[in-house]
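Student: Curious how this folds, go ahead:
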Amino acid sequence: MTGRLEGKVAAITGATRSIGRGIAEAYLAEGAKVVINGRSEEKGVTALAEINAGDDLAFYAGSAAEQSVVEGLVDFAIERFGQLDIMVLNAGGVNQPAPVMDMTDEEWQYELDLNLNHTFWGTRAALRHMVPRGWGRVIAISSIEGKHGKPNVAGYTANKHAINGFVKAASREVGQHGVTVNAICPGLVITDMVHERAGGALGVDGVDGLIEHYCANTALKRPVTIEEVAGFAVHLASDLGAGFSGGTISIDGGDAFY
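Tutor: Below is the predicted model:
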């Protein structure tokens, strides 16, 4: 703990568990005040109790696939803590793995809303507050699948590619105002969702099969950890991260070549 985020306020979508919660805890440890978001009120109350950060932590309920929730999170953070310095767009995922020819319009639209549209809504709302203040950090949690592509997850893959392009364009619009916009692209991280859905899309056997499948061609031959992703999210959010913008940074154990 070095106090690198002292005096800063962060809002994080999809943060009652896994990567989002790990980032929230890392930000709190560095001195930030944080608002976490999640669909479940019960999970939000549990997260508040377990993290136990007192008045420095708040919860805002709702699905990040809904525009009103994402924009409401920004408004709530400003009302609660007086400002918003860091916006982390972490919510996302695969709704229903399926080949392209079997995907319904409804499944495609939900993944579009949960991944790409949620990133757009949150970035737009945050920038409208950050740009006039002359300082801000927008961090989208993308995926290594935004640089690759695997069968049966075309919706997720397309959205993550789009997010990677989105941050490059947005960063050019606001950099001169002291605001950076970046995407972190994790490789395989063993989260709750992985345990719940391991191997379903790729036809492999459980968590062990998924690890073997994903990590065979990486440099480290292992999954990356929540703490490793959160550590880089701290760096990007701090003053030391001011030179990074428009980046799609792979934290994948040495999988992607760019």
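Student: Could you check how far V131 is from Y156?
Tutor: Per CB to CB, to the nearest Å, V131 is found 30 Å from Y156. Any C-beta I mention is one placed from the backbone N, CA and C, and that applies to glycine too.
Student: ok, those two, which is more surrounded?
Tutor: Neighbours around V131 and Y156, counted as other CB atoms under 10 Å, are more numerous at Y156. The numbers are 23 against 16.
Student: what about the protein, any weak spots by pLDDT?
Tutor: Applying pLDDT under 70 to the chain picks out residues 1, 195-205.
Student: which residues are contacting the longest helix along it?
Tutor: The single longest helix within the chain, with elements called by DSSP state H, is helix 154-174. With CB atoms under 8 Å, 6 or more residues apart in numbering as the test, helix 154-174 has contacts from 92-95, 99-100, 103, 107-108, 111-112, 115-116, 119-120, 123, 127, 130-131, 136, 138, 140, 142-143, 145-150, 180-183, 185, 245-248.
Student: try 7 Å this time
Tutor: Counting contacts by CB atoms under 7 Å, 6 or more residues apart in numbering, the residues outside helix 154-174 that touch it are 94, 100, 103, 107-108, 111-112, 115-116, 119-120, 123, 127, 131, 140, 142-143, 145-146, 149-150, 180-183, 245-246, 248.
Student: Sort out for me which of the residues you listed are in strands.
Tutor: Those of those mapping onto strands are 140, 180-183, 248, per DSSP state E.
Student: Are any of the contacts of helix 154-174 buried, and if so which?
Tutor: With neighbours counted using 16 or more other CB atoms under 10 Å, those contain these buried positions: 94, 103, 107-108, 111-112, 115-116, 119-120, 123, 127, 131, 140, 142-143, 145-146, 180-183, 245-246, 248.
Student: ok so C185 is a strand residue?
Tutor: Yes. Residue assignment for C185, taken from DSSP: H, G, I helix; E, B strand; the rest coil, places it within a strand.
Student: tell me the residue furthest from the middle of the protein?
Tutor: Distance from the centre of the chain peaks at M101, with 28.4 Å (CA atoms, centre = their mean).
Student: Can you show me the helices along the protein?
Tutor: The residue ranges that make up the helices of the chain, judged by DSSP H, are 18-29, 41-51, 67-81, 105-111, 118-133, 154-174, 192-197, 206-215, 226-237.
Student: Buried deepest among the ones you listed, which one?
Tutor: Taking mean count of other CB atoms under 10 Å as the contact definition, the stretch among those with the greatest mean neighbour count is helix 18-29, which reaches a mean of 24.
Student: What helices and strands are in contact with that one?
Tutor: Counting contacts by 3 or more CB pairs under 7 Å, 6 or more residues apart in numbering; DSSP states H and E, helix 18-29 is packed against strand 9-12, strand 33-38, helix 226-237.
Student: Quick check: the residue farthest from the centre of the chain vs P151, distance?
Tutor: With the distance defined as CB to CB, M101 ends up 12 Å from P151.
Student: go on, R172?
Tutor: 34 Å.
Student: chain center to the longest helix of the chain: distance?
Tutor: The chain centroid and the centroid of helix 154-174 are separated by 13 Å under CA atoms, centre = their mean, to the nearest Å.
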